[in-house]
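Engineer: Task: produce atomic coordinates for the following.
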Amino acid sequence: MRSTSVSILLSFYILLLWSCANQTTPMGGPKDETPPSLIKSTPTHKQRNFKGKEIELVFDEAINLNNPNEEILISPRSDQKIEFKVKKNTVTLSPEKGWNENTTYSIAFREGIRDITENNAPKNLKLAFSTGPLIDSMVVKGRVKMALNTKIPEKITVALYESDTFNIFEHSPSYFTLINDKGTYSLENIKSGNYYLYAFQDNNKNLKVESRTEKFGFLKDKIELTGPIDSLTIPLINMDMRPLSINNIRNTGILTRIKFNKSIIHFDIKAETNEELVNSFGDDQTEITIYNPEVINDSLKIVLNSVDSIGSIIDTIFYIKPIKSNSIPSDFTVSAENIKYNLSTNTLTQNLRFSKPIKAINTDSIFVQLDSLTHIPIAIHDFSYDTVHKKLILSKHLPSDSLFRPPTLSPPNNQSEVKRIKGQPGPPSRPIPQQAQPELIFTKGAIISQESDTLKAQKFPITETKKASTGTLLIEVQTKKTDFIIQLTTSQGEVIEEIKNLTKYSFQYIKPGNYTIRAIIDSNQNGIWDPGNFFKKEEPEMIWFYKTQDKKHDFPIRANWELGPLLLIF
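Structural biologist: So this is what the prediction gives:
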């Protein structure tokens, strides 16, 4: 009995000691929202002539490390390994080969250090020190934005490069930092000199731009850093800057397909025999398809010229040889945008994109049907055809009252004039016929593809937009720029209407919703926005966004309401 009591008592003491030895988050009480505070550091902030190998930071509470190799940023960058250690409330950083002599280092800890209770991180914790008698003090500040919209980008690296021959796709920067949640950045303790400024996503953490998948931006002019520089804005773009190349050329008998490593914007194909070849983009603009001639004696020499969005050119020659077809023809299909009716111009428009080039259009089988007895014919001149993109565009002028007719009353009923006899019901009332919704109709056989198959019947309903259910927006422009484009867009970025070089305009018949206005400075006067070119040191064309008085970019348009004039100053 006594031994049992001793065992129970011993077990109790073991459990007590075990619970004291393990740190746990206290239960109950208010949530800890206070981040750790730095008590001291070795070296101290902005210390000169630091000769130690190890950096030590002591906090007022126990802390943990959080992905230090990614979160703790040390500039200037070094390829050597940094060892991070934590013990209770102390963090140490030890470079494998030590710190370079006569160098100013700047360390941003971001989310790399957190407390053990609620993962709170110290706010804006930075440490700068010098291993020599001087500490660099140059500063570059600004913000990063998206070039085409007003969204604040996230997790963007901002970097400085010293060499004129550097390449952001191949080389690492001299100094770098990350933007905050407001899109602003601050590069501090920089050595005076001349630099190039860039911003980019760094998804794989190698401090180089992968242009195929990562956004980037740059300022074309070198900045002379002899004093603090503020308010430098870098616009971000998505642009594949890889050299253009052909992945493969494949002959299936009926078609020859040329596959590129990236999208192209233009191409030209010529046969040695000067024979006209039917050609177009494939499923997307990374592929060209050519319909092979029915008769090829031996082989047909083809000259191909292609250009991508950054001006890279491929001039090449290849040959098409006669082979038996080994492919199964695909279905002939169409994708269509929503059909639109413009109340300002009384124009019906529809854009159709086909899976194959078109050989023939039978307009007898295409019409606008108003009801079971009435239709409006479509003529061949109402269409335009983009062969390369396999896109058919309908633009038909139709007065609103002919497309959306008021209901027609029934003819008078003579019996309605007869007096009712007491006790007998009057003549039955005739219902007023309702106007059917107009439809754009393509019957089967209306469109024939290059492979001689026909498109299935298609119907596209035409919805009436009542003038009273739309709004109007008036704008006035004040600018010294002579060439610009004003675009009215939805809050999602869809362009509703655009005008060029007009200082006063009325956007009419706008559906209720939230909209934005942007102005493109058309520097090269080509009528479109250009994304620039890193290799040619051409920045994207500037885009200015309208802001309301309460600093918002979007504003509401309401039904049967006129807004403005909004003053656009850029």
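Engineer: Spatially central residue for this protein, please.
Structural biologist: Centroid-nearest residue in the chain, with Cα atoms, centre = their mean: Asn238, separated by 7.0 Å.
Engineer: need the contact list for Leu502.
Structural biologist: Contacts for Leu502 (Cβ atoms under 8 Å, 6 or more residues apart in numbering) come out as 477, 486. Heads up, the C-betas are built off the backbone N, CA and C, glycines and all.
Engineer: Can you give the contact residues for the host helix or strand of Leu160?
Structural biologist: Element membership for Leu160, per DSSP states H and E: strand 156-161. Here strand 156-161 makes contact (Cβ under 8 Å, 6+ apart) with 140, 142, 144, 168, 171, 173-179, 183, 185, 187, 190, 195-202, 207, 215, 234, 236.
Engineer: now do stretch 357-373
Structural biologist: Residues from elsewhere that reach stretch 357-373 (Cβ under 8 Å, 6+ apart): 278-280, 291, 348, 375-380, 383, 385, 387, 390, 392, 396, 398, 403, 405, 435-436, 438-450, 452, 462.
Engineer: Narrow those residues to just the buried residues.
Structural biologist: The neighbour-count criterion (16 or more other Cβ atoms under 10 Å) marks 278-280, 291, 348, 378, 383, 390, 392, 396, 398, 403, 438-443, 446-450, 462 among the contacts of stretch 357-373 as buried.
Engineer: Sitting in strands, which of those do you find?
Structural biologist: Counting by DSSP state E, the buried ones among the contacts of stretch 357-373 place 279-280, 291, 348, 383, 392, 396, 439-442, 447-449 in strands.
Engineer: Quick check: Gly253 touching Asn326?
Structural biologist: Yes - counting by Cβ atoms under 8 Å, Gly253 touches Asn326, with 6.0 Å between them.
Engineer: who's more crowded, those two?
Structural biologist: Using other Cβ atoms under 10 Å, the more surrounded residue of Gly253 and Asn326 is Gly253, with 12 against 9.
Engineer: Please name the spatially closest residue to that one (chain neighbours excluded).
Structural biologist: Ser325 (3.1 Å; Cβ to Cβ, 6 or more residues apart in numbering).
Engineer: residue contacts, the one you found?
Structural biologist: Ser325 is in contact with 252-254, counting by Cβ under 8 Å, 6+ apart.
Engineer: Same question for Gly217.
Structural biologist: Going by Cβ under 8 Å, 6+ apart, Gly217 touches 144, 147, 198-200, 234-237, 540.
Engineer: Select from those every entry located in strands.
Structural biologist: The strands, defined by DSSP E, take in 144, 198-200, 234-236 from the contacts of Gly217.
Engineer: before we move on, what SS does Leu187 have?
Structural biologist: Reduced to three states with DSSP: H, G, I helix; E, B strand; the rest coil, the structure at Leu187 is strand.
Engineer: Check the gap between it and Asp136 for me.
Structural biologist: Look at Leu187 and Asp136: by Cβ to Cβ, to the nearest Å, they are 11 Å apart.
Engineer: For these two, work out which one has more neighbours and name it.
Structural biologist: Shown here are Leu187 and Asp136; by other Cβ under 10 Å, Leu187 has more neighbours (25 against 21).
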